[in-house]
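Visitor: any chance you can model this:
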Amino acid sequence: MSTQDADRGFIAKLEPCTIKNHDGHVIWNNDAYDFLTNAPCPETANPKLWRQAQLVSKQGLFKVASGIYQIRGFDLSNMTIIEGDSGIIVVDPLTSAECAQAALNLYYENCSRKSVLGMIYTHSHADHFGGAKGVVGSNESCTMPILAPYGFLDHAVTENIYAGNAMARRAAYMYGDQLPKGPSGQISCGLGATVSAGRVTLIPPSVDITHTGQVEVIDGVEFVFQLTPGTEAPAEMNFYLPQRRALCVAENATQCLHNIATLRGAAVRDAQAWSSYLDETIVLFAGTSDVVFASHHWPTWGQKSLLNYLTQQRDLYAFLHDQTLRLMNEGLTGVEIAEELELPVRLRDSWHTQGFYGSVSHNVKAIYQRYMTWFDGNPSHLWEHPPVEAAKRYVSCIGGVEAVLQKAREFSDEGDLRFAASLLNHAVFADPENTKAKSLLASTYESLGYGCENGPWRNFYISGAMELRGIRPEGNVLSGQSGLIEALSLHHLMASVAVRLDGTRAQTKDFVIDLYVTDRDEHCRLLVSNGALIHRTGKGSPKSSTLDSADFSCALTYGQLVQSLSAGQAVGNFGEEQGDRSYWNRLLGLLSTPNATFEIVVP
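Guide: Next up, the predicted model:
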């Protein structure tokens, strides 16, 4: 793999590339990856992943084409800047406001000082919109057009808020954000270095892209959009710039195999739709494009090269989908297919189809899951014991924890680290206080991680080893999401409260609260009914308990709910008895606060 495309168009970099928040805490440090520079691959890393890590750690401002620039290495994703007649359009403003602001400043220092006149979110993942207020400014009212694919806001909320705590905890493993940077620790996640840890924000889009072929003009720049729902994200879109003969493929084609199911957790993606939309991209735009760029990695230049690139990316997802279903229909399960399936030789040998982020193994299992659910049809798997109880029984059958450890050492010595890890996992879950079992499993995980071509697999294994050794994270990326919560509709805010209701304790405590949000002139009735929190939003209803949306959004941030709603900000009618504040207290008492650092590799 040549570094030519990864270096092409380089203009300048940020020195030092450390970005801090308003409290002075470092939320991005690309210099931590300097150990990769021109260094040979150590024994503690897979050579291919090491090379990919060297490529994705390159940071700075790059020119893609006339009037198109990218800032890479300031976050997991890229920020793209497109110059218009009098201003600039920002595409995908990274994960954190601080990183987006630093990226914009690097552009300003080396190019023009034009104002931002438009913004585009290519899809509904936080690393493509979270830095919005770093571009616009936290205290500025946003009047410029912000474009996003239809359904963007619903899917951004579903992924980042409803299941946010569990996903954020798993994301700490996937991206290795708690691991030390170095040859024995975190070196990359394949798609980028890692995720920044700053303030995640969101400015709701003002223009929906509803169909392929939709044309929008921003500051004299013509954009032709292709809607690609259900691909890498449930709401996603590509766009073509006919004046520049340049094509943006969002995250639908990257310089590696992507995920059909991401290990941090998310809805399983549709590999067939993904392939079909890439074929449509080829038909619509490839013949008139001179460069294709994406929201991660580096561009591909030249019609012949980009056509080959898009063709192989299309065929990659089609092959995985179709062959998984072929073998599934012959009676194989997802695990069995994952062991058997191998990519065709041309896909296997191309750099941009390597399993640095997604893998053939877990993508095949995801496709199987999409069609056949988690159940493989074997009745013995229908009602298995949960991990701790199953582990105790397996360990008992083998002859106790010491016997399990001895067997695990034997399999490890034979090179079968996979089964050694399975045995040791049972030992740890059967006897979580056994330090020998945890130490041996930690070492096994590290050995597995050092051999991984896949970045998230490596990070999962080494993060698991760290937790087994008693090193716990201080928190997760949710700590920076208050800016995201502020942008949500009243419906989404209340839905995020509903998933925190302890239904078991609430099942016989039915009551009603009426809420009026003053600045939105919006009413919401909350009904606790049979252990569920139901909400009805609308206008024109009686004005009962009152507060403004800023206070309410703040109140819904984890750890602040009780303080905000108990401090007198909500006044008026509560439930069925006017002025009875006990209804709020009753609701608050039924809400749980998620554990941001719950255990993963121990019970």
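
Visitor: could you break this structure into its assigned domains?
Guide: 4-315, 381-468, 489-590 (automatic domain parsing).

Visitor: could I get those domains as a markdown table with mean pLDDT, distance to Trp351 and mean neighbour count?
Guide: Every C-beta, even on glycine, is put in place using the N, C-alpha and C of the backbone. As requested, those are exported to a markdown table (pLDDT from 0 to 100; distance: least, CB to CB, whole Å; neighbours: other CB atoms under 10 Å):
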| stretch | mean pLDDT | distance to Trp351 | mean neighbour count |
| --- | --- | --- | --- |
| domain 4-315 | 95 | 7 | 21 |
| domain 381-468 | 97 | 12 | 19 |
| domain 489-590 | 70 | 40 | 16 |
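
Visitor: okay, the ones you listed in TSV with distance to Gln369 next?
Guide: Below are these laid out as TSV (distance: least, CB to CB, whole Å):
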stretch	distance to Gln369
domain 4-315	6
domain 381-468	13
domain 489-590	22
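
Visitor: quick one: closest of the ones you listed to His352.
Guide: For His352, the closest of the domains of the chain is domain 4-315, at 4.6 Å, according to CB to CB.

Visitor: out of the domains of the chain, which is closest to Leu341?
Guide: Comparing the domains of the chain under CB to CB, the one sitting nearest is domain 4-315, at 12.6 Å.

Visitor: how near is Leu179 to Lys13?
Guide: Distance of Leu179 to Lys13, given as CB to CB, to the nearest Å: 24 Å.

Visitor: what does the residue sitting nearest the centre point of the chain show for phi and psi?
Guide: For the chain, the residue whose C-alpha lies nearest the mean C-alpha position (CA atoms, centre = their mean) is His125; its distance is 5.9 Å. Dihedral angles of His125 (phi, psi; degrees, to the nearest 10) stand at phi -100, psi 140.

Visitor: check contacts around it.
Guide: Ala156, Glu159, Ala233, Glu251 (CB atoms under 8 Å, 6 or more residues apart in numbering).

Visitor: can you check Lys407 too?
Guide: Ile398, Leu423.

Visitor: did I read that right, it in a helix?
Guide: Yes: Lys407: assigned to a helix according to DSSP: H, G, I helix; E, B strand; the rest coil.

Visitor: use 276 as the first number for this chain going forward.
Guide: Right, with 276 as the first residue, what we last looked at is Lys682.

Visitor: surely Lys713 and Pro878 touch.
Guide: No: in this structure Lys713 lies outside contact range of Pro878 using CB atoms under 8 Å: 11.6 Å.

Visitor: now the common contact residues for the two.
Guide: Common neighbours of Lys713 and Pro878 (CB under 8 Å, 6+ apart) are Pro707.

Visitor: thought His596 was touching Gln547?
Guide: Yes: taking CB under 8 Å as the definition, His596 is a contact partner of Gln547 at 4.8 Å.

Visitor: about what we covered before: how much space between the residue nearest to the centre of the chain and Ala328?
Guide: Where Ala328 is concerned, His400 sits at a distance of 21 Å (CB to CB).

Visitor: and if you look at Phe337?
Guide: 18 Å.

Visitor: cool, and Ala281?
Guide: Distance of Ala281 to Ala328, computed by CB to CB: 12 Å.

Visitor: got it, and Cys672?
Guide: 42 Å.

Visitor: ok, Glu434 next?
Guide: Glu434 is 26 Å from Ala328, by CB to CB.

Visitor: could you verify that Arg800 is part of a strand?
Guide: Yes: assessed with three-state DSSP, Arg800 lies in a strand.

Visitor: wait, isn't Glu742 in contact with Pro878?
Guide: No: between Glu742 and Pro878 there is no contact under CB under 8 Å: 12.0 Å.

Visitor: who's Ile363 bridged to?
Guide: Glu358, Val391 (DSSP bridges).

Visitor: tell me the contacts of it?
Guide: Ile356, Ile357, Tyr382, Ser387, Lys389, Ser390, Val391, Leu392, Asp494.

Visitor: any idea how far it is from Glu526?
Guide: Distance from Ile363 to Glu526, by CB to CB: 22 Å.

Visitor: try Gly467
Guide: Distance, Gly467 to Glu526, by CB to CB: 11 Å.

Visitor: the nearest residue to Met647 once chain neighbours are set aside: how many residues sit nearby?
Guide: Distances taken as CB to CB, 6 or more residues apart in numbering put Met603 closest to Met647, at 6.7 Å, once the chain neighbours are dropped. For Met603, the count of nearby residues is 18 (other CB atoms under 10 Å).
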